[in-house]
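> Predicted model follows, preceded by the sequence.
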Amino acid sequence: MPVVLKTTQLTRRLEGEVPVTLVENADIEIRQGEFIVITGPSGSGKSSLLYLLGLLDVPTSGQIWLNGTETSSYSEDRLADIRLAELGFVFQFHFLLPEFTALENVMLPMRRLGKLSGAKIRKHAEELLDSLGLADQMHKLPRQLSGGQSQRVAIARALANDPLLILADEPTGNLDTASSANVQKILKDLARQGRTIAVVTHDTHFAKTADRVITIVDGKIAAP
Amino acid sequence: MRLLIFIALKHLLARKRQSIVSLLGIILGVAFFLAIASLMRGSEKDFIKRLVDNSPHITISDEFRNPRRQPALLLYPHGAVEIRRVKPVTEIRGIRGYEQILKQIRPMNGVIASPMLAGQALVSFAGKDLGVTLNGMIPAEIRNVSTIEKYMIDGTIDDLLANPDGIVIGQELARKLALVKGENITVSSTAGQSRTFKILGIFRTGRANYDSGQAFVSLKRVQALLNRPNRINSIVVKLQDPYQARQVAADIESRIGYKSLSWQEASEDLMNTLIIRNTIMYTVVSAVLIVAAFGIYNVISTVVMEKLRDISILKSMGFYARDIRRIFLIQGILLGLVGTLIGLPLGSAIMSGMMQIRFKPPGATEIIQMPIDWGWLQFAIASAFAMTASILAALLPARKAAHVQPVDILRGGS
């Protein structure tokens, strides 16, 4: 399978009176259709690595290759374009926009991309929410949804533009057991459907279901 | 852009109370700005209109800006002989050869000119004496250079054509001396001459001083009464375009030598006062809108602070920094636009209300209404100022929002 994302010697350091290294010399390859779990102790740099992979943060050194193209020379706007079209994010807290209904939240990335007509955007968003069991909830505001439902809306939003890679940061970390199991199932189903997914999690049980587990300790990738 | 407007609207509607309060600031600011500016501008226009209508556009007087040179000096400008103690001939004061001067002036484009001789006189009737300014004029021409005909309440100026021994007086003078049209009064000049005139007309301008202190008689009679034959002391000029008065006055003065005073020059102090008044007025009413703009700044700053997480999400989703800046700028523009759109009709309503107020200014005999100017300029200035203030108020928080780094916020979690 072709490599979707690759990093070489990826390092992120926070400068200051006491410099902190969040990620150090990380070499990662994610292939198309892979379901990868990034795990490690708290403060080990899992989320920092995920933000780097998601082009939300800029590495201090090293390169990130997306679909065979090195991204370090990209402008902020170009990186934003890639995040919009090629990447989908799911965060620990659903981070839905509170003034927008579930449907509007899912439609937002598609409207920003502007490739589809208004009617098609709406239809696609409805289909996504329907496929995640939220057909009855799509006109509700985030505050009217449960944690599990909100996280499913966030997954639908991440899928909206049919991204190359879905990056999830502790997607079950703030959910009860049942909701957590449901979200895990959804992500695994998506992986089975051929989606490329990278998940940061503490959950060892969830990690066992991945194609590959990357363990990170003190910002460094531990030997497999 | 539609998406950005949609997001901006959602933000504002989510904070209805704060948005309405800041909107109210702009609405009231625009309304008061408009009402006060239109009142000030209206009173200024009214003042200038009265000035232009009721006074000559140019007054040529029997004076020179620089004293005339002695004939000997004119004759020998480079003479080696010094002439001392030259005693000028005592002349009858006034403009000499005014008919030739009028022949020079009248062909000028848009110029209507008429000679006048004004002097002090005493009106006597039934044992009472009152001082007046006696205006000698040519009755057939006066209506072209003066608005006095418009203020006639009894008789006409034309009646002086039929009876050269007639006089037109003001209503206040008539009231003080208990005079009516048709009665005869004695007018005595400072030159010692005295003559009886028949009252042929009465005028009322509404200005008490004018109505009690001015009288109109035919020019020849005043020349005789003041003992100044073939002399006048002013030429009154009206122009088709009053605002050309300054240039035309300079042109006339360069041709004839006598001092030609435009209405602008004559009222320079008052015009400067109007400029100062306008500056103060615009400063005060602008302060209202500046305070309102702080309201907008406050609302949008609060929204930005509360929305740091949403801004991060939008950026992670692929929104550009400039998109974020625009979302918050649009909020300022929307508040300014809606505030202006509601403020303008409210201001117009206040203006209409003010127009209903009628009052009698001190010294006037007529009730007048508040002068309101409905020109588009006030509306444009109020709108432009409100919009500019709103955009500037939104600019700082919008820039701050654009600089938010998503990772810094997302790391913080909930």
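Okay, I see it.

> Could you list the contact residues of chain A toward chain B?
A:47, A:51, A:54, A:56-57, A:76-77, A:80-85, A:89, A:91-93, A:95, A:97-100, A:108-109, A:111-113, A:157, A:169, A:174 (C-beta under 8 Å from any C-beta of the partner chain). In short, each C-beta sits where N, CA and C put it, glycine included.

> What backbone torsions are found at the most centrally placed residue in chain A?
With distances taken as C-alpha atoms, centre = their mean, A:L167 lies nearest the centre of chain A, 1.8 Å away. A:L167 adopts backbone torsions of phi -110, psi 120, taken as degrees, to the nearest 10.

> Can you pull the poorly scored residue ranges out of the chain?
Picked chain A for this. Residue ranges of chain A with pLDDT under 70: A:223-224.

> Chain B, not that one
Residues of chain B meeting the criterion pLDDT under 70: B:68, B:81-83, B:88, B:362-365, B:412-414.

> Do a quick rundown of the strands in it.
Using DSSP state E, the strands of chain B run over B:58-61, B:111-125, B:128-137, B:152-154, B:166-170, B:184-189, B:194-203, B:214-218, B:234-239, B:260-262, B:358-359, B:368-369.

> How far off centre is the fourth one?
To tie it back to what came earlier, the one meant is strand B:152-154. Relative to its chain's centre, strand B:152-154 lies at 27 Å (C-alpha atoms, centre = their mean, to the nearest Å).

> and it, what other elements does it pack with?
strand B:194-203 (3 or more C-beta pairs under 8 Å, 6 or more residues apart in numbering or on different chains; DSSP states H and E).

> can you pull out the helices in the stretch 1-150 of chain B?
B:2-14, B:16-54, B:71-75, B:98-105, B:139-145 (DSSP state H, counting those that start in this stretch).

> Which stretch among these approaches chain A most closely?
For chain A, the closest of those is helix B:2-14, at 4.2 Å, according to C-beta to the nearest C-beta.

> so the closest one versus helix B:16-54, what angle?
For helix B:2-14 against helix B:16-54, the angle by axes from the mean of the first three to the mean of the last three C-alpha atoms, to 10 degrees is 100 degrees.

> And helix B:2-14, how far out from the chain middle?
Remark: helix B:2-14 is offset 46 Å from the chain centroid, using C-alpha atoms, centre = their mean.

> what does chain B put close to chain A?
Counting by C-beta under 8 Å from any C-beta, the residues of chain B lying close to chain A are B:3, B:10-11, B:13-14, B:309-310, B:312-321, B:406-407, B:410-411, B:413-414.

> Now restrict the residues you listed to buried residues only.
The neighbour count (16 or more other C-beta atoms under 10 Å in any protein chain shown) marks B:11, B:14, B:309-310, B:312-321, B:406-407, B:410 as buried among the residues of chain B next to chain A.

> where's the residue of chain A found nearest chain B, which helix or strand?
Per C-beta to the nearest C-beta, A:L84 is where chain A lies closest to chain B, at 2.4 Å. Taking DSSP states H and E as the criterion, A:L84 maps to helix A:76-86.

> So which other helices or strands are in contact with that helix?
helix A:102-113, helix B:308-317.

> For A:V200, give me phi and psi.
In terms of degrees, to the nearest 10, the main-chain angles of A:V200 are phi -90, psi 130.

> In contact with B:I157, which residues?
With contacts defined as C-beta atoms under 8 Å, 6 or more residues apart in numbering or on different chains, B:I157 is in contact with B:P139, B:I142, B:R143, B:I148, B:E149, B:V168, B:G201, B:F216.

> got the CA positions of the next helix or strand after the helix holding A:L84 in PDB?
Next helix or strand after helix A:76-86 toward the C-terminus (DSSP H and E): strand A:87-90. C-alpha atoms of strand A:87-90 as PDB (Å, rounded to 0.1, in the frame of the first residue of the first chain):
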ATOM      1  CA  LEU A  87      -7.000  15.500   7.000                       C
ATOM      2  CA  GLY A  88      -9.900  15.000   9.500                       C
ATOM      3  CA  PHE A  89      -9.600  15.600  13.200                       C
ATOM      4  CA  VAL A  90     -11.400  14.200  16.200                       C
END
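
> list the buried ones in strand A:87-90?
A:L87, A:G88, A:F89, A:V90.

> cool, stretch B:186-202 as well?
By neighbour count on 16+ other C-beta under 10 Å, the buried set for stretch B:186-202 is B:V187, B:S189, B:R195, B:F197, B:I199, B:L200, B:G201, B:I202.

> With distance to B:T273 added, can I get those residues in a markdown table?
Formatted as a markdown table, those follow (distance: C-beta to C-beta, whole Å):
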| residue | distance to B:T273 |
| --- | --- |
| B:V187 | 37 |
| B:S189 | 36 |
| B:R195 | 41 |
| B:F197 | 39 |
| B:I199 | 38 |
| B:L200 | 39 |
| B:G201 | 35 |
| B:I202 | 34 |
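
> All the strands of chain A, in order from the start?
Assigned by DSSP E, chain A shows strands spanning A:3-14, A:20-31, A:35-39, A:61-66, A:69-70, A:87-90, A:165-169, A:197-200, A:212-217, A:220-221.

> Now do the second one: which elements does it pack against?
The criterion is 3+ C-beta pairs under 8 Å, 6+ apart, and the helices and strands that strand A:20-31 contacts are strand A:3-14, helix A:46-53, strand A:212-217, strand A:220-221.

> which of these sits most buried?
Ranked by average neighbour count under the criterion mean count of other C-beta atoms under 10 Å in any protein chain shown, these are headed by helix A:46-53 at a mean of 24.

> Show me what that helix is packed against.
Under the contact criterion of 3+ C-beta pairs under 8 Å, 6+ apart, helix A:46-53 touches strand A:3-14, strand A:20-31, strand A:35-39, strand A:165-169, strand A:197-200, helix B:406-412.

> Output the residue ranges of the helices in the stretch 201-350 of chain B, listed in chain order.
Using DSSP H, counting those that start in this stretch, helices in the stretch 201-350 of chain B cover B:208-213, B:219-225, B:245-256, B:263-266, B:268-306, B:308-317, B:321-355.

> so which of those gets nearest B:P115?
Distance to B:P115, taken as C-beta to C-beta, is lowest for helix B:219-225 among the helices of the stretch 201-350 of chain B, at 6.5 Å.
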